[in-house]
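A.B. asks: need coordinates for the below:
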Amino acid sequence: MSALPTFEFDDKILAQGAEISRKLDQLRVEKFPTTGQKTLRRFTMAEVAHYLGVSPNNLKRLHLENKGPEPFVGSGGRRFYTAEQMSELRDYLDKNGRSDAKQYVPHRKVGEKLQVIAVVNFKGGSGKTTTAAHLAQHLALTGHRVLTVDLDPQASLSALHGFQPELDKNPSFYDSIRYDNPVSLEQVIQPTNFPLLDIVPANLELQEYEYDTPLAMQSPSQEGKRFFTRIARSLETVDDRYDVVVIDCPPQLGYLTLSALSAATSVLITVHPQMLDLMSMSQFLLMLGNILKSIKKAGAHVRLDWLRYLITRYEPTDVPQAQMLGFMQSMLAEEILKNPMLKSTAISDAGLTKQTLYEVERSNFSRDTYDRAIDSMDGVNFEIQGLIHKAWGRL
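C.D. replies: Numbering: from 1, shown residues only. The predicted structure is shown next:
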């Protein structure tokens with residue numbers, strides 16, 4: 001038997017990477033013709049009422065009275081609104097509704113600080129990016145001005161929003177926090193297919209920050225020694241444009257994650273309820289705590305409005321998972337979100353087309369599968385929204 005032929009590893013992976021990239025771009029153009037940019041479906045009257053916090057009958061009455069934007073009327077008389085029209089409805093209700101109608105536009109008021117939520121976990125596969133994407137989109141659908149930041153060089157959050165870094169050549173947060181010739185964050189921000197949601201996309205160049213920072217620490221300048229201030233300082237330049245920033249941190253405890261945590265007003269830790277994941281999270285927390293103590297001595301700001309653990313990919317009928325959840329609740333009861341993120345084929349199937357649950361059509365799934373998934377997702381996100389409003393002193 002002849003030996004297997006050897007091959008050049010670098011040439012092989014470069015060729016395979018280029019082929020995968022080409023095929024992904026082909027799929028993107030097929031899925032989002034003709035520009036290759038993501039669009040957004042229309043929302044049913046029931047969905048719009050749900051995110052506005054009104055009854056469907058209220059919206060129906062507005063339409064019959066020719067008030068507010070004109071919906072698209074489909075077969076059977078069903079009414080649909082675009083996300084832009086949802087924002088118009090929110091503004092209309094704010095100006096013409098009841099005396100307490102300001103609840104329809106939840107923008108920050110004077111004295112309410114920008115909420116910066118860092119979504120973190122040391123272990124990949126915990127649902128971190130899925131959580132960040134759905135949270136940012138949900139907050140936009142409920143009327144908040146949102147900036148989501150992809151801080152992971154793998155750029156999965158960017159891909160979910162229709163970006164392909166190696167082809168689109170968009171800048172990343174690295175361009176705004178680099179030590180030499182940084183640009184303003186405004187030059188990096190890109191719009192998404194959600195009207196109130198912008199994104200700072202990622203690319204592989206973000207990894208350079210992990211290499212640049214140790215070198216900057218050795219330079220005469222103090223910039224490297226205060227690396228943890230760079231993301232916070234960059235976000236300050238767009239403070240007046242947003243209510244909430246959602247940061248998807250990389251699955252590693254490096255300078256990017258530490259900089260994000262120093263900028264954060266709150267932290268969401270995703271965890272899958274299994275023993276190995278809990279052991280990994282334990283190590284992550286111990287390492288993170290010790291490192292934060294060190295940079296705190298150097299002047300880092302690490303005070304939070306809230307910290308919560310989100311149970312992800314949860315299967316209530318899985319006895320070991322239920323036992324593990326009980327074990328975690330016995331230790332962290334006050335800081336585990338009451339609503340877990342249920343495991344669902346609807347979420348994974350939507351991801352196959354680079355979409356989230358808020359983008360896909362309900363008709364693409366069985367009714368029970370979709371409803372179970374969206375109810376779980378909304379339960380988590382409304383709970384987090386409540387924490388944001390409580391930090392503003394509204395509840």
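A.B. asks: what about stretch 202-212, start to end distance?
C.D. replies: 17 Å (C-alpha to C-alpha, to the nearest Å).
A.B. asks: other residues contacting that stretch?
C.D. replies: 150-155, 157-158, 165-166, 170-175, 177-179, 250, 254-256, 259 (C-beta atoms under 8 Å, 6 or more residues apart in numbering). (Each C-beta comes from the backbone N, C-alpha and C, glycine too.)
A.B. asks: that stretch: how far from the chain's middle?
C.D. replies: 20 Å (C-alpha atoms, centre = their mean, to the nearest Å).
A.B. asks: before we move on, back to that, what subset of the contacts of stretch 202-212 is buried?
C.D. replies: Using 16 or more other C-beta atoms under 10 Å as the burial test, the contacts of stretch 202-212 include 150-155, 157-158, 165, 170-175, 177-179, 250, 255-256, 259 as buried.
A.B. asks: next step: the residues you listed restricted to strands.
C.D. replies: Among these, the members falling in strands (DSSP state E) are residue 150.
A.B. asks: tell me where the stretch 251-395 of the chain has strands.
C.D. replies: In the stretch 251-395 of the chain, the segments counted as strands under DSSP state E, counting those that start in this stretch are 266-271, 306-311.
A.B. asks: please read the previous query as pertaining to the stretch 51-200 of the chain.
C.D. replies: Going by DSSP E, counting those that start in this stretch, the stretch 51-200 of the chain shows strands at 72-73, 79-81, 115-120, 146-150, 190-191, 197-200.
A.B. asks: closest to residue 235 out of the ones you listed?
C.D. replies: strand 115-120 (6.6 Å; C-beta to C-beta).
A.B. asks: packing partners of the closest one?
C.D. replies: For strand 115-120, the packing partners by 3 or more C-beta pairs under 8 Å, 6 or more residues apart in numbering; DSSP states H and E come out as helix 128-141, strand 244-248, helix 255-263, strand 266-271, helix 367-391.
A.B. asks: name the spans of the stretch 51-200 of the chain whose pLDDT lies under the cut-off.
C.D. replies: By pLDDT under 70, the low-scoring segments of the stretch 51-200 of the chain are 98-102.
A.B. asks: go again with 50.
C.D. replies: Low-confidence segments of the stretch 51-200 of the chain, defined by pLDDT under 50: 101.
A.B. asks: contacts only, for the closest residue in space to residue 227 that isn't next to it in sequence.
C.D. replies: Distances taken as C-beta to C-beta, 6 or more residues apart in numbering place residue 213 nearest to residue 227, at 4.8 Å, with adjacent residues excluded. Neighbouring residues of residue 213 by C-beta under 8 Å, 6+ apart: 179, 224, 227, 255.
A.B. asks: change it to 7 Å
C.D. replies: When contacts are counted by C-beta atoms under 7 Å, 6 or more residues apart in numbering, residue 213 touches 224, 227, 255.
A.B. asks: and which of these is nearest to residue 354?
C.D. replies: Checking the contacts of residue 213 one by one against residue 354 (C-beta to C-beta), the nearest turns out to be residue 255, at 28.9 Å.
A.B. asks: that closest one contacts residue 229, doesn't it?
C.D. replies: No - using C-beta atoms under 7 Å, residue 255 is not in contact with residue 229; the gap is 11.8 Å.
A.B. asks: lovely, talk soon.
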